[in-house]
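this one's structure only:
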(Lines give C-alpha, C1' and ligand atoms only; values in the text may rest on other atoms or scores of the structure.)
Protein backbone atom coordinates (compact mmCIF):
# COMPACT_ATOMS: atom_id res chain seq x y z
CA UNK A 1 0.00 0.00 0.00
CA UNK A 2 1.01 3.59 -0.64
CA UNK A 3 -0.23 6.28 1.75
CA UNK A 4 0.29 9.88 2.84
CA UNK A 5 -0.59 11.87 5.94
CA UNK A 6 -4.10 13.32 5.91
CA UNK A 7 -4.28 17.11 6.03
CA UNK A 8 -5.32 19.10 9.08
CA UNK A 9 -5.02 18.47 12.80
CA UNK A 10 -4.05 14.86 13.54
CA UNK A 11 -6.44 14.70 16.51
CA UNK A 12 -9.30 15.05 13.99
CA UNK A 13 -8.13 12.30 11.63
CA UNK A 14 -10.54 9.38 11.33
CA UNK A 15 -8.62 7.28 8.81
CA UNK A 16 -5.70 7.45 6.43
CA UNK A 17 -6.14 6.78 2.74
CA UNK A 18 -3.84 4.25 1.09
CA UNK A 19 -3.78 2.84 -2.42
CA UNK A 20 -2.68 -0.57 -3.62
CA UNK A 21 -0.84 -1.27 -6.90
CA UNK A 22 -4.21 -1.60 -8.67
CA UNK A 23 -5.36 1.87 -7.59
CA UNK A 24 -7.89 0.55 -5.08
CA UNK A 25 -8.51 2.84 -2.11
CA UNK A 26 -8.03 1.45 1.40
CA UNK A 27 -9.03 3.36 4.53
CA UNK A 28 -6.56 2.57 7.32
CA UNK A 29 -7.15 3.16 11.00
CA UNK A 30 -5.06 6.12 12.12
CA UNK A 31 -3.96 4.63 15.45
CA UNK A 32 -3.86 0.90 14.67
CA UNK A 33 -0.70 -0.17 12.85
CA UNK A 34 -1.67 -1.98 9.60
CA UNK A 35 -0.85 -5.67 9.23
CA UNK A 36 0.50 -5.13 5.70
CA UNK A 37 3.52 -3.07 4.58
CA UNK A 38 2.75 0.58 3.81
CA UNK A 39 5.03 2.99 1.97
CA UNK A 40 4.33 6.48 3.35
CA UNK A 41 4.97 9.30 0.92
CA UNK A 42 6.12 12.44 2.69
CA UNK A 43 7.19 15.85 1.51
CA UNK A 44 9.98 17.94 2.98
CA UNK A 45 10.14 16.63 6.56
CA UNK A 46 13.40 18.48 7.25
CA UNK A 47 11.76 21.82 6.42
CA UNK A 48 8.84 20.95 8.70
CA UNK A 49 11.24 20.08 11.54
CA UNK A 50 13.13 23.34 11.06
CA UNK A 51 9.85 25.31 11.12
CA UNK A 52 8.78 23.48 14.28
CA UNK A 53 12.05 24.28 16.02
CA UNK A 54 11.78 27.94 15.01
CA UNK A 55 8.23 28.06 16.40
CA UNK A 56 9.44 26.55 19.68
CA UNK A 57 12.29 29.06 19.86
CA UNK A 58 9.84 31.94 19.26
CA UNK A 59 7.62 30.69 22.10
CA UNK A 60 10.64 30.43 24.40
CA UNK A 61 11.61 33.99 23.52
CA UNK A 62 8.07 35.16 24.37
CA UNK A 63 8.45 33.58 27.80
CA UNK A 64 11.72 35.42 28.30
CA UNK A 65 13.77 32.24 28.34
CA UNK A 66 17.22 32.16 26.81
CA UNK A 67 17.45 29.63 24.00
CA UNK A 68 21.24 29.51 24.13
CA UNK A 69 22.79 26.38 25.54
CA UNK A 70 25.31 27.05 28.27
CA UNK A 71 26.98 23.73 29.14
CA UNK A 72 28.79 23.03 32.38
CA UNK A 73 32.18 21.37 32.20
CA UNK A 74 33.76 19.29 34.91
CA UNK A 75 37.46 19.13 35.61
CA UNK A 76 37.12 16.21 38.04
CA UNK A 77 36.74 12.51 37.43
CA UNK A 78 33.74 12.23 39.79
CA UNK A 79 31.73 14.68 37.62
CA UNK A 80 31.34 17.21 40.45
CA UNK A 81 30.76 20.60 38.84
CA UNK A 82 32.38 23.72 40.27
CA UNK A 83 31.86 27.46 39.93
CA UNK A 84 34.22 30.28 40.86
CA UNK A 85 32.79 32.84 43.29
CA UNK A 86 33.63 36.51 42.94
CA UNK A 87 36.08 36.13 45.83
CA UNK A 88 38.01 33.60 43.75
CA UNK A 89 36.88 30.73 45.97
CA UNK A 90 35.79 27.53 44.22
CA UNK A 91 32.38 26.16 45.27
CA UNK A 92 30.45 23.09 44.09
CA UNK A 93 27.28 23.59 42.05
CA UNK A 94 24.45 21.33 43.17
CA UNK A 95 22.62 20.17 40.09
CA UNK A 96 20.58 17.34 38.61
CA UNK A 97 21.40 15.72 35.30
CA UNK A 98 18.61 14.59 32.99
CA UNK A 99 19.84 11.42 31.28
CA UNK A 100 16.72 9.86 29.80
CA UNK A 101 13.16 10.72 28.78
CA UNK A 102 10.60 7.95 28.36
CA UNK A 103 7.11 8.32 26.97
CA UNK A 104 4.56 5.58 27.66
CA UNK A 105 1.93 6.59 25.08
CA UNK A 106 2.70 9.34 22.61
CA UNK A 107 -0.74 9.16 20.90
CA UNK A 108 0.98 9.90 17.59
CA UNK A 109 -0.69 8.39 14.51
CA UNK A 110 1.53 5.64 13.05
CA UNK A 111 1.58 7.36 9.66
CA UNK A 112 3.34 10.40 11.16
CA UNK A 113 6.33 8.38 12.29
CA UNK A 114 7.93 8.64 15.70
CA UNK A 115 6.84 11.52 17.93
CA UNK A 116 9.18 14.47 18.48
CA UNK A 117 9.75 14.89 22.21
CA UNK A 118 11.31 18.00 23.73
CA UNK A 119 12.39 18.76 27.27
CA UNK A 120 12.82 22.26 28.65
CA UNK A 121 15.11 22.40 31.66
CA UNK A 122 15.50 25.63 33.57
CA UNK A 123 16.88 26.55 36.92
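Structure's in. What do you need? Bear in mind the structure is a predicted one, so any value in this text is a computation, not a measurement. Numbering: from 1, shown residues only.

could you check the pLDDT of residue 44?
Model confidence at residue 44, given as pLDDT, is 67.

swap in residue 117?
At residue 117, pLDDT is 75.

quick one: contacts for it?
Contacts for residue 117 (C-beta atoms under 8 Å, 6 or more residues apart in numbering) come out as 101, 103, 106. (C-beta placed from N, C-alpha, C; glycine too.)

can you tell me how far it is from residue 52?
Plainly put, residue 117 is 12 Å away from residue 52 if you go by C-beta to C-beta, to the nearest Å.

helices of this protein, start to end?
Ranges of helices in the chain, per DSSP state H, are 45-62.

okay, now the unreliable bits of it?
43-45, 65-88, 90-91, 93, 121-123 (pLDDT under 70).

where along it do the strands fall?
Secondary structure of the chain (DSSP state E): strands at 2-4, 15-19, 25-29, 39-41, 82-84, 90-92.

CSV for the ones you listed, including mean neighbour count and distance to residue 112?
Output for these, formatted as CSV (neighbours: other C-beta atoms under 10 Å; distance: least, C-beta to C-beta, whole Å):
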stretch, mean neighbour count, distance to residue 112
strand 2-4, 16, 11
strand 15-19, 16, 10
strand 25-29, 13, 13
strand 39-41, 11, 9
strand 82-84, 11, 43
strand 90-92, 10, 44
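
can I get the ones you listed in JSON lines with distance to residue 57?
As requested, the strands of the chain are arranged in JSON lines below (distance: least, C-beta to C-beta, whole Å):
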{"stretch": "strand 2-4", "distance to residue 57": "28"}
{"stretch": "strand 15-19", "distance to residue 57": "31"}
{"stretch": "strand 25-29", "distance to residue 57": "35"}
{"stretch": "strand 39-41", "distance to residue 57": "28"}
{"stretch": "strand 82-84", "distance to residue 57": "27"}
{"stretch": "strand 90-92", "distance to residue 57": "32"}
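
I'm done for today, thanks for sticking with me.
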